[in-house]
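> make a model of this:
(one chain, ligands or ions: 2)
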Amino acid sequence: MNVLTVGDYLISRLQSLGVEHVFGVPGDYALSFYALLQKRGMCVVNTCDEQGAGYAADAYARMRGLGVVCVTYCVGGLKIANTTAEAFAEKSPVVVISGSPGIGERDKNPLLHHKVRDFDTQAKIFEQITVASTVLGDPQTAQKEIDRVLDAALRFKRPVYIEIPRDMVAAPCIPYHRATDFQTRSDPDALHEALTEAVTMIDAATKPVILADVEIHRFGLQEMLLRLAERGNIPIASTILGKSVIGEEHPLYLGVYEGAMGREEVRRYVEESDCVLLLGVFMTDVNLGIYTARLELARAIYATSEKLTIRFHTYENVTLRDFLAGLIEAPLRSHDPGEIPHPDPVLEFIAQGKQKVTVRRLFQCLNAFLTDDIVVIADIGDALFGAADLLIRHHTEFLSPAYYTSMGFAVPAGVGAQLANPGLRPLVLVGDGAFQMTGVELATAVRYDLNPIVVVLNNRGYGTERQMQEGSFNDILNWNYHRIPELLGAGRGFLVETEEQLEQALISARRHPESFCILDVQMDPMDRSPALERLTERLSKRL
Ligand SMILES: Cc1ncc(C[n+]2csc(CCOP(=O)(O)OP(=O)(O)O)c2C)c(N)n1
Ligand SMILES: [Mg+2]
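Numbering: from 1, shown residues only. Ligands and ions are numbered 1, 2, ... in the order given. Have a look, this model is predicted:
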């Protein structure tokens, strides 16, 4: 008779939740689990550095609904504290699995390699940055613990931590009866009253507007969002973190709202509306244009997975899904949205020969280059500010760490995103500073036959910081980014200084799907995107 082991059970649960890839770097405390992963048909993607694995798993989770990173004890685990923190802050359900010393090895507290302070030091750290965590130290409770923790990841869309001591991987599980599903249901009376108030408010409004954000992605509510908007003929703006929540060519789409950082027409439309439906919105400083946004609760319906307020009334136990479903079913009247200030249409890019590339022209060119089969991934810095104005055709084709804003996300996220959806080619937009942190993961792209197009915005250093405080600490070494293919023995590199070189490089990259392409786009250190310019302009007016 086949005995189900703790390791087997964990892997089979992950597979039943749609996970086919696990990212990480092995180590002796995790080796037996790695071997089992491979034996059970999981594709194990070993990255150059754990941080790369953490970001790749995060992107995979954003695209697929669950991602997994598997590392060894402390030396690996502590390196992904930052990527796990990002997943927590931005609600991405990543399962962190860490090997650790066997329970049988822990007697008399020996000084085993990789141990920091106590055996549970790493587990304690991860308790702070995950929504649920467990150390599978007992086969009697392991199954139940695995279920509890995975359910929490799915329910809260946040990372979880599972530590598997190495002598537990092959330990036989004690089966238990799984409790019925964990779905939360709304309180029917609270839901009814909330809907009555919301419908009255929306119907009485002359120009309601929806501001949609990241939770709509995470909870898979995009279709419901569209139905609601179409039902009431209500325009939708998105935040930068929620960008691509709907296809941006939709007739009801306004553009990215980000206070003074966004387009002025969008800001005016949203801020002058007499009823703003904030759906799944994170009220973060970046989303709110570094607090230049003017959104008053007195004219807002604010619904998230955690709370629902309508004006100043708070409703308990009403889920976002039930609330949206109720609004869709309600007899909402159809509004006249007036003139909707759609994003600027994408213009043909006519390269100005030897003209030096500016940030503004780079993004105009990229906008014209975008097609349906591209997922745009923006690292922070001007790569992100500039990307706000790109027109994304379909939903969930834009990823960025727009709230936590940790540098180094984009290149490894390109690996995770393409493995999650091989039908899409990643367009990775990354500053030279961020590239120097994790660009090495292009090696992983090569090993797994991926073909991202990586655009390095090379402004010789930390440009965003230069705008705030100049100093030699913003300078970095100018690498020959376009020659990385020589180092890796694969890929194509392009040195781009002029507009015609930019256009030619993008055309060549499109014609070369066999491997990654990297564009080293040289720009002036003090150049900046229109979004960053708008922000500084508005702020200076106010001073
Ligand atoms: C991991 C990490 N370290 C430091 C920072 C602080 N920081 C914010 S923007 C920035 C500069 C980014 O430089 P680059 O990637 O070249 O983009 P640019 O600003 O030049 O467009 C730094 C260092 C950060 N956000 N994340
Ligand atoms: Mg830079």
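> tell me how far residue 420 lies from residue 170.
Note on residue 420: its distance to residue 170, by CB to CB, to the nearest Å, is 30 Å. For the C-beta atoms, the positions are set from N, CA and C on the backbone; glycine is no exception.
> neighbour count: those two, which is higher?
Counted by other CB atoms under 10 Å, residue 420 and residue 170 do not tie: residue 420 has more neighbours, with 23 against 15.
> dump the residue contacts of the more buried one.
Going by CB atoms under 8 Å, 6 or more residues apart in numbering, residue 420 touches 21, 59-60, 63-64, 67.
> if we ignore the residues flanking it in sequence, what's nearest it?
Of all residues not flanking residue 420 in the chain, residue 63 sits nearest, at 3.8 Å (CB to CB, 6 or more residues apart in numbering).
> quick one: the one you found and residue 421 touch, right?
Yes - under the criterion of CB atoms under 8 Å, residue 63 makes contact with residue 421 at 5.4 Å.
> returning to what we had before: sec struct for the residue nearest to residue 420, please.
Three-state secondary structure (criterion: DSSP: H, G, I helix; E, B strand; the rest coil) places residue 63 in helix.
> which residues does it contact?
With contacts defined as CB under 8 Å, 6+ apart, the neighbours of residue 63 are 375, 396, 399, 416-417, 420-421.
> how near is residue 110 to residue 465?
For residue 110, the distance to residue 465 under the criterion CB to CB works out to 46 Å.
> please apply the same query to residue 208.
Counting by CB to CB, the separation of residue 208 from residue 465 is 39 Å.
> between these two, which has more neighbouring residues?
Ranked by neighbour count (other CB under 10 Å), residue 208 and residue 465 place residue 208 first, with 24 against 14.
> and that one, bridged to which residues?
Assessed by DSSP bridges, residue 208 has beta-bridge partners residue 275.
> show me the contacts for it.
For residue 208, the contact set (CB under 8 Å, 6+ apart) comprises 202, 232, 234, 273-277, 335.
> any idea which of those residues is closest to ligand 2?
The closest of the contacts of residue 208 to ligand 2 turns out to be residue 276 (CB to the ion; 35.0 Å).
> follow-up on the earlier one: so which of the contacts of residue 208 wins on neighbours?
For the contacts of residue 208, counting by other CB under 10 Å, the largest number of neighbours falls to residue 277: 28 neighbours.
> model confidence for the residue of the stretch 151-300 of the chain found nearest ligand 1, exactly?
Each residue of the stretch 151-300 of the chain has a distance to ligand 1, by CB to the nearest ligand atom, and the smallest belongs to residue 286, at 11.0 Å. Reading off the confidence values, residue 286 has pLDDT 71.
> which element is it on?
Secondary-structure element containing residue 286, defined by DSSP states H and E: none, the residue being outside all helices and strands.
> which SS class is the nearest residue to it once chain neighbours are set aside?
For residue 286, the nearest residue in space outside its immediate sequence neighbours is residue 402; the separation is 5.5 Å by CB to CB, 6+ apart. When classified by three-state DSSP, residue 402 comes out as coil.
> I figured residue 402 was touching residue 285, is that so?
No - the pair residue 402 / residue 285 is not scored as a contact, 10.6 Å apart, by CB under 8 Å.
> between those two, who's got more neighbours?
Taking neighbours as other CB under 10 Å, residue 402 and residue 285 compare with residue 402 leading, 26 against 13.
> contact partners for that one?
Here residue 402 is in contact with 90, 239-241, 243, 286-287, 378, 380, 384 (CB under 8 Å, 6+ apart).
> quick one: contacts for the residue nearest to residue 535 when sequence neighbours are not counted?
The shortest distance from residue 535 to any residue that is not its chain neighbour, by CB to CB, 6+ apart, is 4.4 Å, and that residue is residue 261. Residues touching residue 261, when contacts are defined by CB under 8 Å, 6+ apart, comprise 289-290, 292, 385, 388, 531-532, 534-535, 538.
> switch to 10 Å and redo it
Remark: with contacts taken as CB atoms under 10 Å, 6 or more residues apart in numbering, residue 261 is in contact with 240, 267, 286-290, 292-293, 385, 388, 529-536, 538-539.
> quick one on the thing from earlier: the residue nearest to residue 286 and ligand 1, how far apart?
Between residue 402 and ligand 1 the distance, using CB to the nearest ligand atom, to the nearest Å, works out to 12 Å.
> kindly format the C-alpha coordinates of the helix or strand residue 377 falls within as CSV.
Applying DSSP H and E as the criterion places residue 377 in strand 374-378. Only the C-alpha atoms of strand 374-378 are listed here, as CSV (Å, rounded to 0.1, in the frame of the first residue of the first chain):
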residue,chain,number,x,y,z
ILE,A,374,2.7,41.3,-24.4
VAL,A,375,2.6,41.5,-20.6
VAL,A,376,4.2,44.8,-19.5
ILE,A,377,6.3,44.6,-16.3
ALA,A,378,7.5,47.8,-14.8
